[in-house]
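**Q** mind looking at a prediction? Sequence and model below.
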Amino acid sequence: MTVADMFRIAKAYQVRDADANDKRLGTAATEKNGDKAADRLTTLKLAEEISDLQNLLYAGHDRKLLIILQGMDTAGKDGTVKGVFGQINPLGARTVAFKAPSVEEKNHDYLWRVHKEVPGKGEITIFNRSHYEDVLITRVHDWIDAAECKRRYAQIRDFERMLAETGTVIMKFFLHISKAEQKLRLEERLADPEKHWKFDPQDLAERKYWDAYQQAYENALLATDADHAPWYAVPADSKTQRNLVIASIVHEKMQAMKLKYPPGNPDYTKLKVE
């Protein structure tokens, strides 16, 4: 069984706090306390190999890779970008953080701002939050009703299928954090003045809707999981485990792409550098 198979959501998937601290990979899976240093080293090696594969992707200028990171506040989206993708060459790679839509964006359909950010040929694009916000926060706060939400699920499925059919490999990661762990991380930010820049009072307001968000995530994941755009539920209470799982899956999938450098130009062998 591949790592991707281990963490792909099941047809009867449920979002449960108890699963947020599940450790099925690395030393944590075989030892009582695990060796975090060893698991971090494994992640670092995978990150370096992902960087090498990214060079092949960029040189080949054919396939595209879209990584989607979704999760509650403090689930570790920024930490994943740094820990898993921090080794890749900025050339041919982008991270897009979707915030509240601007006036211009609101004047278009909700996928307008997303479509223009998808990766081009040879590029890796990482979405830190994504179009899934439009079936999560909008549903939790009743800005859209159930019928509109269902329509959006269908539109998202069509959108992602179109991307896949035009050469984009899609991986979607749900960073599953428990309510108790989120509380600890928010308290850490409040207690440390050097982390106040990471704190948003709105996080406390959204925390009151925890159960509604868990249900919204569960519904969205089940409605939009597909073989060409799979969802992986990543236990995120442990930052070490989170990064190891995501790095392992990305590495597997990029290896499966059979990336290689384009053929050399025979005319170049005749050239001389004076």
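**A** In hand now; what should we look at?
**Q** the stretch 101-250 of the chain: helices as residue ranges?
**A** Secondary structure of the stretch 101-250 of the chain (DSSP state H, counting those that start in this stretch): helices located at 103-106, 112-115, 137-140, 146-165, 179-191, 201-207, 210-224, 239-256.
**Q** compare these and give me the one nearest residue 32.
**A** Of all the helices of the stretch 101-250 of the chain, it is helix 239-256 that lies closest to residue 32, at 14.5 Å by Cβ to Cβ. Glycine gets a C-beta too; all of them are placed from N, C-alpha and C.
**Q** pLDDT of that closest one, averaged?
**A** Averaged across helix 239-256, pLDDT comes to 97.
**Q** swap in stretch 66-77?
**A** pLDDT averaged over stretch 66-77 gives 97.
**Q** what about dumping the CA coordinates of that stretch to PDB?
**A** Presented in PDB, the C-alpha positions along stretch 66-77 are these (Å, rounded to 0.1, in the frame of the first residue of the first chain):
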ATOM      1  CA  LEU A  66      -1.500  21.900  -8.100                       C
ATOM      2  CA  ILE A  67      -1.200  21.300  -4.400                       C
ATOM      3  CA  ILE A  68      -4.300  22.400  -2.300                       C
ATOM      4  CA  LEU A  69      -3.900  22.900   1.400                       C
ATOM      5  CA  GLN A  70      -7.100  23.300   3.400                       C
ATOM      6  CA  GLY A  71      -7.600  23.300   7.200                       C
ATOM      7  CA  MET A  72      -8.900  25.200  10.200                       C
ATOM      8  CA  ASP A  73      -6.900  28.100  11.500                       C
ATOM      9  CA  THR A  74      -3.500  27.000  13.000                       C
ATOM     10  CA  ALA A  75      -3.700  23.600  11.100                       C
ATOM     11  CA  GLY A  76      -0.300  24.400   9.600                       C
ATOM     12  CA  LYS A  77      -0.700  25.500   6.000                       C
END
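**Q** let the chain start at 632 from now.
**A** Done: numbering now begins at 632, and the last item shifts to stretch 697-708.
**Q** now residue 648. Nearest residue, chain neighbours left out?
**A** With Cβ to Cβ, 6 or more residues apart in numbering as the criterion, residue 648 has its nearest non-adjacent residue at 4.2 Å, and that residue is residue 809.
**Q** quick check: phi and psi on that neighbour?
**A** Taking degrees, to the nearest 10, you get phi -90, psi 160 for the backbone angles of residue 809.
**Q** re earlier: turn the helices of the stretch 732-881 of the chain into TSV, including distance to residue 725.
**A** Shown next, in TSV, are the helices of the stretch 732-881 of the chain (distance: least, Cβ to Cβ, whole Å):
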stretch	distance to residue 725
helix 734-737	18
helix 743-746	13
helix 768-771	24
helix 777-796	15
helix 810-822	26
helix 832-838	26
helix 841-855	23
helix 870-887	15
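**Q** which of these is buried the deepest?
**A** For the helices of the stretch 732-881 of the chain, the largest average neighbour count (mean count of other Cβ atoms under 10 Å) is found in helix 870-887, namely a mean of 22.
**Q** buried residues in stretch 686-693?
**A** For stretch 686-693, burial by neighbour count (16 or more other Cβ atoms under 10 Å) applies to 686-689, 691.
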